[in-house]
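*Asks:* Mind looking at a prediction? Sequence and model below.
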Amino acid sequence: MRKVVFYLVASLLVLSGLTLPEKGYAASDSHNEWKNEIKKLEQDKGTTFSKKDLEKIESQVKDKLTSDPNKVKTLTDYWENEPNDTLDRANLLNLDDTVYGTFEWDDVDVYQIEVKNPIELVVSGASQRGIDLGFLLADGYGDWLTPDANEVYDGVQIQLYVIPEGTYYIGALDLNGGGSDSMYALSAMNMEYIDRISGDDRYETAIEIARAG
C-alpha cells in the first residue's frame, strides 16, 4: 500500500494549546472517521444554483471522464502526483483547473488551494463507475469546514464555501474503500459570478425557485 490514512491532530493540538505544524496531517484519524464526516453533509443553508450554472460546473469535471483517461486533456488538466496523502505532500490545485486521480484501498488524496481574496469557492467532483467519490474542504490547520451548500446534479457533487483568503486543502476518498482502476476528476472554482436563487432555508429557496420559474 503506497499511502496512509489521515490522522486527527488538529483538535488534539488545540486542546493542548499548541498549533498545527506546517508539515502536519489532515483532520481525520482514520478512513472510516473521515467517511462519517462526509456522510454528515446536508444542504441546509437555503442556497442553490440555476440549472445553467449547474451545467457549467458539471462540464468542468464530468464530460472529461468520458474520453480516454490516459490521454492529455488540456493545459489545465493533470494527474495527481503520488504520494499526496498528507498536508505536507498535498498536490497544488490552481483555481479552475481539473485534476484526475485513482484510489488504492483506504486511500486518500489531498490537494492544496491558495486563495488570495475572499471568494465563493465551489468544489466539484465526479467519478467513473466503481468509485463512490467523497470530498471535503479543510482550512490551513486541517480543520474540516462545513459547506454553505452541498448539492448533487446529474452525478456531479458540488460544494459551496464562502471563505476568506488563505491556504485550504481538499481531501478526497472512495467511500467504497478504493482499490479499483476507475478514475475521478476534481475541480475548484471561484464562482462569484454565479447567479444563485436563495432563501432563508431550503423551503424558502424552493418557493423562490418556483417564483423565478
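*Replies:* Perfect, thanks for sending it.
*Asks:* does Asn32 sit in a helix, a strand or a coil?
*Replies:* On the three-state scheme (DSSP: H, G, I helix; E, B strand; the rest coil), Asn32 is labelled helix.
*Asks:* same check, this time on Lys35
*Replies:* If you use three-state DSSP, then Lys35 falls in the helix class.
*Asks:* In contact with it, which residues?
*Replies:* Gly134, Leu173, Leu175 (C-beta atoms under 8 Å, 6 or more residues apart in numbering). Any C-beta I mention is one placed from the backbone N, CA and C, and that applies to glycine too.
*Asks:* And it, how close does it get to Leu175?
*Replies:* Lys35 is 6 Å from Leu175, where distance means C-beta to C-beta, to the nearest Å.
*Asks:* Common neighbours of those two, please.
*Replies:* Contact criterion C-beta under 8 Å, 6+ apart; residues shared by Lys35 and Leu175: Gly134.
*Asks:* Show me the helices in this protein, by range?
*Replies:* With helices called from DSSP state H, the chain shows them at 10-15, 31-39, 51-61, 202-212.
*Asks:* Would you mark the buried spots in the third one?
*Replies:* Neighbour-count burial for helix 51-61 flags Asp53, Leu54, Lys56, Ile57, Glu58, Gln60, Val61 (criterion: 16 or more other C-beta atoms under 10 Å).
*Asks:* list the helices and strands it packs on?
*Replies:* Using 3 or more C-beta pairs under 8 Å, 6 or more residues apart in numbering; DSSP states H and E as the contact test, the elements touching helix 51-61 are strand 119-127, strand 149-153, strand 156-163, strand 184-190.
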